[in-house]
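J.: Mind folding the following:
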Amino acid sequence: MKKVKQEINIQRAKVYDLGEMTLDASKAKAFILKNQGLIEAVGAKVSGLITTADGHMDIYAADNLEKILSFKGTLEIKNNDKLTSIDELQYYRNVNGLNLQDNKNLAGELDFNKYPQLTNTILVSNSPLVTKIDVTGLDKLRGFYSHHMDGLKEAVVKDNTNLSELSLYDNKVIKNIDASNLPSLKTLRAYSNPEVLSINTTNVPNLNELNIGNNPKMTNLIGWKDNLEIKKFIANKTNIESYDFSKQTKLEEINFVGAAVKEIKGLSASGANLKTLSLANSHVNSLDISNNPNLTTIDLYAVKELTALDVTHNPNLTSLRVPMTSISTLDVSNNTKLTYLGVAHCKLSTLDIRNIPGLTTFYAGSQGNSAGIVQMITVTMTQAQKTKFGNIFFENASGPNNNYEGSNNYVKVNVQ
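T.: Residues are numbered from 1 along each chain as shown. Model (predicted):
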């Protein structure tokens, strides 16, 4: 007998005809998948899956393999007590994203890095037994979201070159969030994590939105000064006391409501781009906004440390809220577009609003002097304004909201 050997030199990107091949499914060995959470989720999307009595599935039985491969896209699994892990996900190789919510028995470490087919988004929420999530190396993944995870201690985000959105919020025990070295990241939401101590955004050149608010223990924000593309910076209810935005030329919105911040520098760098400044209940003692002509909203409610405010260079303001501050003078003659002006409970004795014809909401009552005693404020307005506002001003304490920002008590109207 003569043996014949035929060799074929296989080259990349070429197609070769190797003849016909017939597979006998009846002779294939059984290959059993046991992750009932995944089986049920896919079974809800494609009809006709054949499963065993115990809910397992032989992928070679009937058309099972063809059917599980027919599902393409993001797989949603919600409130499924049978989902305990993501094992066997590799066999559903056309699943390119996951939406896993309220699966109370999903537990331990979720190593998504084993499944390169995940190129869309991953969401995991309300699974208290999950302790770690790893998405390392998923270089086509577009979004990763994990929130309301009571047991999550660590989220590993690394070598995700196309990741544009990262959300890690409302997680009870996680202490550090490393979002560094993500070249495509545009949005980072890392708020309401009560135990977080530090957040790292080093080498994230395209970051547009940074939301790190309501992290009461956070004292270390690493790398943010070189995030030059930031437009929205939200850090309400945080404990960092000083910020310098000298490099952030594209800033449009800043939110430090309820934060410990005392000093904000460098706002001139953002120039005409800055639109909204929310600093209510913060501790800022001075504010230079002279180079921000397009500001439309300023909120300085109850910033008691603030003794002076210059808004003469902000002609596009539509809302100015500064009640319960310590300002004693205020010039709004250039703020002709204001529709809301709240200055109650400050230290003002006079105010001229004649240049603001479109003002619709106005509170100026219950001013105090340097000794903290209530004093009258004289407000100069036009007859048209007086007619529009009606009888909302009182020269004593007989009006409503005497102790609140909506007070118009102790207001004397001077019509000119």
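J.: correct me, but residue 285 touches residue 309?
T.: No. Between residue 285 and residue 309 there is no contact under Cβ atoms under 8 Å: 11.2 Å. No exception for glycine: its C-beta is placed from N, CA and C like everyone else's.
J.: Mind checking which of those two has more residues around it?
T.: residue 309 (22 against 14; other Cβ atoms under 10 Å).
J.: mind listing what the residue lying closest to that one once chain neighbours are set aside touches?
T.: In space, and not counting its chain neighbours, residue 309 is closest to residue 327: 5.2 Å by Cβ to Cβ, 6 or more residues apart in numbering. Listed by Cβ atoms under 8 Å, 6 or more residues apart in numbering, the contact set of residue 327 reads 306-309, 343, 346-348.
J.: Selecting buried members of the residues you listed in ChimeraX, what would you type?
T.: To isolate the buried members of the contacts of residue 327 in ChimeraX, using 16 or more other Cβ atoms under 10 Å:
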select :306,309,343,346,347,348
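J.: Just the contacts of residue 327: which are in helices?
T.: Counting by DSSP state H, no part of these is found in helices.
J.: in the sheet, who's paired with the nearest residue to residue 111 once chain neighbours are set aside?
T.: Leaving aside its sequence neighbours, residue 111 sits nearest to residue 134 (Cβ to Cβ, 6+ apart; 5.0 Å). Beta-bridge pairing of residue 134 under DSSP bridges involves residue 111, residue 156.
J.: Residue 134: how many residues sit nearby?
T.: 17.
J.: Assess the claim that it and residue 108 are in contact.
T.: No. Between residue 134 and residue 108 there is no contact under Cβ under 8 Å: 11.4 Å.
J.: Isn't residue 396 up against residue 408?
T.: No. At 11.2 Å, residue 396 and residue 408 do not qualify as touching, with contact defined as Cβ under 8 Å.
J.: So which of those two has more stuff around it?
T.: Taking neighbours as other Cβ under 10 Å, residue 396 and residue 408 compare with residue 408 leading, 23 against 11.
J.: need the contact list for residue 321.
T.: Counting by Cβ under 8 Å, 6+ apart, residue 321 has contacts 280, 298-301, 340, 342, 405.
J.: ok so, going back, can you classify the residue nearest to residue 309 by secondary structure?
T.: coil (DSSP: H, G, I helix; E, B strand; the rest coil).
J.: next one: residue 313
T.: Relying on three-state DSSP, one would call residue 313 coil.
J.: For it, which non-adjacent residue is spatially closest?
T.: residue 290 (4.5 Å).
J.: Let me know the secondary structure of that neighbour.
T.: Residue 290 ends up coil, using three-state DSSP.
J.: That one contacts residue 310, correct?
T.: Yes. Contact criterion Cβ under 8 Å: residue 290 and residue 310 qualify, at 6.5 Å.
J.: which residues in the stretch 201-350 of the chain form strands?
T.: 209-211, 220-222, 232-234, 242-244, 253-255, 263-265, 276-278, 297-299, 319-321, 340-342, 350-352 (DSSP state E, counting those that start in this stretch).
J.: Make JSON lines out of the ones you listed and add distance to residue 197 and mean pLDDT.
T.: Listed next are these as JSON lines, based on distance: least, Cβ to Cβ, whole Å; pLDDT from 0 to 100:
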{"stretch": "strand 209-211", "distance to residue 197": "17", "mean pLDDT": "99"}
{"stretch": "strand 220-222", "distance to residue 197": "6", "mean pLDDT": "97"}
{"stretch": "strand 232-234", "distance to residue 197": "18", "mean pLDDT": "99"}
{"stretch": "strand 242-244", "distance to residue 197": "18", "mean pLDDT": "98"}
{"stretch": "strand 253-255", "distance to residue 197": "21", "mean pLDDT": "99"}
{"stretch": "strand 263-265", "distance to residue 197": "22", "mean pLDDT": "98"}
{"stretch": "strand 276-278", "distance to residue 197": "25", "mean pLDDT": "99"}
{"stretch": "strand 297-299", "distance to residue 197": "28", "mean pLDDT": "99"}
{"stretch": "strand 319-321", "distance to residue 197": "32", "mean pLDDT": "99"}
{"stretch": "strand 340-342", "distance to residue 197": "36", "mean pLDDT": "99"}
{"stretch": "strand 350-352", "distance to residue 197": "45", "mean pLDDT": "99"}
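J.: looking at the ones you listed, which is closest to residue 83?
T.: Among these, the nearest to residue 83 by Cβ to Cβ is strand 209-211 (29.4 Å).
J.: which other helices and strands contact the closest one?
T.: Contacting strand 209-211 under the criterion 3 or more Cβ pairs under 8 Å, 6 or more residues apart in numbering; DSSP states H and E are the following elements: strand 187-189, strand 232-234.
J.: got JSON lines for these, with distance to residue 172 and mean neighbour count too?
T.: Converted to JSON lines, those look like this (distance: least, Cβ to Cβ, whole Å; neighbours: other Cβ atoms under 10 Å):
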{"stretch": "strand 187-189", "distance to residue 172": "16", "mean neighbour count": "20"}
{"stretch": "strand 232-234", "distance to residue 172": "20", "mean neighbour count": "20"}
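J.: Is it possible to get CSV of these that adds distance to residue 30?
T.: Output for the helices and strands packed on strand 209-211, formatted as CSV (distance: least, Cβ to Cβ, whole Å):
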stretch, distance to residue 30
strand 187-189, 45
strand 232-234, 54
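J.: where in the chain is pLDDT low?
T.: 1-29 (pLDDT under 70).
J.: Any chance of TSV for the contacts of residue 327, columns distance to residue 192?
T.: Shown next, in TSV, are the contacts of residue 327 (distance: Cβ to Cβ, whole Å):
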residue	distance to residue 192
306	27
307	33
308	34
309	31
343	32
346	32
347	36
348	37
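J.: still on that earlier bit, what's the closest of the helices and strands packed on strand 209-211 to residue 378?
T.: strand 232-234 (38.7 Å).
J.: now the strands: where do they sit in the stretch 51-200 of the chain?
T.: 57-58, 73-78, 95-101, 107-111, 121-125, 129-134, 143-147, 154-156, 165-169, 176-178, 187-189, 198-200.
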